[in-house]
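Asker: with the input below, show me the fold.
(chains A and B)
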Amino acid sequence: MGAAIVGVAMTKPTLSIRRRFVILFLMLSFLPFLAYRFALDLHQVLLQNQADLHLQTVQNLALILETRPQLWGQTSAVGELISHIDFTRSSIWIVNQQGQTTYVMGDLFTPQQQPLPWTAQISQFLIKLSGDSFTFLPSMKPGDSAEKFTIEQALNGQIYQHYRTDQASNPISLMSAAPIYQQGERVGALIYEQTFDTLFSHTLEQFYHLLTLAGFLLALVLLGILLYARSLSLRILRLREDVKQSFTPYGQPDITKLVRAEPYEDEISELRRAISKMLSRLANYERYLKQLPRTLRHELHNPINRLSASLELLEQQQANPQLMQARQALEQLEHIIQQLSEASSLEQSLLSHRRQPLKIVSRLRAYFDSVVQSQPSGVVSAQIEVNHPQLSVLAEGFLLEQLLDKLIDNALEFNDYRCPVRLRLIETTQCVLIEVINCGPLLPIGFEQHIFEGMVSIRTPDKHQQTHLGIGLYLAKLIAAFHQAELSAFNSADQSGVCVRLKLPIFRAE
Amino acid sequence: MLDTSTYQVMLVEDDALQLNNLRQALAEPNITLQCYTSRHEAQQAFAQQLPDLLIADIILGEEVDGGFDLARCLQRYQRPIPIIFLSERQSEFDIMTGHDLGAIDYLPKPVSLSVLQRKVKNLLKLTQNAAAQAPSLIQHLQLDREKLKAYWHQQPLSLTVTEFEMIEQFAKQSPGETITYQDLQTATQGVVERNTINTHICRIRQAFKHITPDFDRIHNVYGRGYCWRSDD
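Answerer: Down below sits the predicted model:
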């Protein structure tokens, strides 16, 4: 219903769709980090495998030299064995037991011929960004000390592997060394050194390439999800706003905002159409309901006028108690018809009124006094609890009094006289509360706001002197809506009766 | 001294039975009644002779604004002929339209025949107004009983005769005193009733607001009536 008509809505902490989308997106945002972590781990495994392979190569070579010593002099046969080794970026040395190099093959320092493709470079760059991409490598030693240490280990009979590093501790090559035996006796060591980039580049290039591609795909998917979620969220928000604005301040349906087109044909556009259709039917029904009293009144007015005039002429000719009864019945009928069209008359009348700053305390003090004086002593009591007697609200004073008239009529009608009907004016920080409290039958739980609907009477009044159409509080609701005030009803805390509360915002001049 | 002239009163009502009742009620020796059931017939009669008073329904047959159209036609003769509208249509817009078209009063249907008789006699000066013209006790409010006009800050208020009779009750009382529903009902010869009184009060307030937009002097007195409050 309209902006501030009625009711204290049940407010539960809700998680909006937009917030859910944000949370989902944040969760999805972890995916790249997880993928990155996975890539680092995979990178490490690959490096480790390559290093193991490297070590196995040097072991195999040492074993071959031990079991087939004749190969020492057969260069071509050796070449076949080590043909898979790229000697442009690696070398093999043989060192005797005294530490002297007796044989060298290959060149470590041939410049790399082909740089990595850009797709691989991106991933390589990103992997290196982590800063710890090589820290797991064992035994990193700078320059010559690595070489010396490795050879010593091999000459002592141990298979050993060592990374040579530059001054910045970046690995530049991997050395694997194995002792060489001849008839059970250690005769030297075989060292196989390969530059770091060639060692891993071939395997890693594919990995880096794949990684970049996966990264791009992931980014695209995330971007797609983000855009789609944003679009969905905006459309849902727009629909919500349009539905909110589909009611005038007096709660009448107005579907002009809802009929605008959605950019896509999907469930949301179907939902928009369904709501629009539903509201349109509701509007038609409401128009019919509002038209009904007027039509009824118009159709009834001719026979009633004839009846009234005829009765009056008869009354002038003769005095008859039956005529008096007929007159009373006619007046009752007129009263009912008048009440039926009172709501639509008030709605029309409200259009010509405007609100202005009103000093509420003095106005209500006088009004409350008049109410207290109008009733026998003790039936009504008034309380004004304000700190600022000059405070103002935006209101039409006379209409506000009319609204309170309806609330007081209602309170007196349902009052069981166990306690006085209490009228209270309370100041809070942002608004003033006007309360009308009576002892009497309680409102059924969950139906508190229904009493403001027209033609609704959910409590049985103690006395039923007049026709009760349940229009009074509906009119009060219309006037409250005009004042952009909240009108609510609830059972009092001690369950002795009902409190109807009007909440008006305080007006503060700029 | 009673007036001995003869007056022409035109009655326009599409319902023949109601027209007959009105004719019976208004039959007086010095009143000549012209009765019509349609706007067309009434307009033709204007060409023969203009009435001294027109009493018309607003909805005439199929014409929802037939009475208003008739009043517009009468305006073309440029004679200040008083009009009383009888209608169940009581919206502010309708009363305003009627007033703008020269309606001196706008009586809600079903109308009390005795009230109508009294109104007609008063308007045609068939009876002498017994009530002496009381001065207004409200500052800036002047009443002209002769012309049935009220003035607020020297500017005429747009009121029907019934509303003039209501505001006269306020002017008779000192500010702050309560004007009861009964006072207003009596003053208007029962035209306003408890359930319609508020519509009239709202109309009166609007008339004041047209001259002084911040007008807020008429206050509600719960269960009893209204009062006029001077500035605090």
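Asker: which pLDDT value belongs to A:Tyr474?
Answerer: A:Tyr474 is assigned a pLDDT of 86 by the prediction.
Asker: what helix or strand is it on?
Answerer: helix A:472-482 (DSSP states H and E).
Asker: pull the distance from that helix to the chain's centre.
Answerer: Remark: helix A:472-482 is offset 35 Å from the chain centroid, using Cα atoms, centre = their mean, to the nearest Å.
Asker: in space, what's closest to A:Arg327 - neighbours in sequence excluded?
Answerer: By the measure of Cβ to Cβ, 6 or more residues apart in numbering or on different chains, the closest residue to A:Arg327 outside its immediate chain neighbours is A:Leu311, 5.7 Å from it. Where you see a C-beta, it was placed from the backbone N, CA and C, and this is true even at glycine.
Asker: list the residues that contact that neighbour.
Answerer: With contact set as Cβ atoms under 8 Å, 6 or more residues apart in numbering or on different chains, A:Leu311 has these partners: A:Leu323, A:Ala326, A:Arg327, A:Leu330.
Asker: where's it, which helix or strand?
Answerer: Counting by DSSP H and E, the secondary-structure element that holds A:Leu311 is helix A:267-317.
Asker: got it, and A:Ile434?
Answerer: Going by DSSP H and E, A:Ile434 is in strand A:431-439.
Asker: which elements pack onto that strand?
Answerer: In terms of contacts (3 or more Cβ pairs under 8 Å, 6 or more residues apart in numbering or on different chains; DSSP states H and E), strand A:431-439 is packed against helix A:397-414, strand A:421-427, strand A:497-507.
Asker: buried sites along it?
Answerer: The neighbour-count check on strand A:431-439 (16 or more other Cβ atoms under 10 Å in any protein chain shown) flags A:Val432, A:Ile434, A:Glu435, A:Val436, A:Ile437, A:Asn438, A:Cys439 as buried.
Asker: go ahead and confirm B:Leu107 touches B:Leu116.
Answerer: Yes - contact status for B:Leu107 versus B:Leu116: in contact at 6.9 Å, counting by Cβ atoms under 8 Å.
Asker: anything in contact with each of those two?
Answerer: B:Ile84, B:Leu86.
Asker: just say helix, strand or coil for A:Leu213.
Answerer: Following DSSP: H, G, I helix; E, B strand; the rest coil, the label given to A:Leu213 is helix.
Asker: so what's it up against?
Answerer: Under the criterion of Cβ under 8 Å, 6+ apart, the contact list for A:Leu213 reads A:Thr119.
Asker: look up how far A:Ala39 lies from it.
Answerer: In this structure, A:Leu213 lies at 12 Å from A:Ala39, with Cβ to Cβ, to the nearest Å as the measure.
Asker: for chain B, list the residues in contact with chain A, please.
Answerer: Residues of chain B lying close to chain A by Cβ under 8 Å from any Cβ of the partner chain are B:15, B:17-18, B:21-22, B:24-25, B:59, B:88, B:90-93, B:109-114, B:178, B:195-196, B:198-199, B:201-202, B:205-206, B:214, B:216, B:218-224, B:229, B:232.
Asker: any residues touching the least confident helix or strand in chain B by mean pLDDT, and which ones?
Answerer: Confidence across the helices and strands of chain B bottoms out at helix B:92-100, with a mean of 80, counting by mean pLDDT, DSSP states H and E. Contacts with helix B:92-100, where a contact means Cβ under 8 Å, 6+ apart, come from A:348-349, A:352, B:58, B:67-68, B:71, B:83, B:85, B:87, B:106, B:158-160, B:199, B:202-203, B:206.
Asker: which of these are buried? Put it as a ChimeraX command.
Answerer: Typed into ChimeraX, the line below selects the buried ones among the contacts of helix B:92-100, using 16+ other Cβ under 10 Å:
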select /A:349 /B:58,67,68,71,83,85,87,106,158,159,160,199,202,203,206
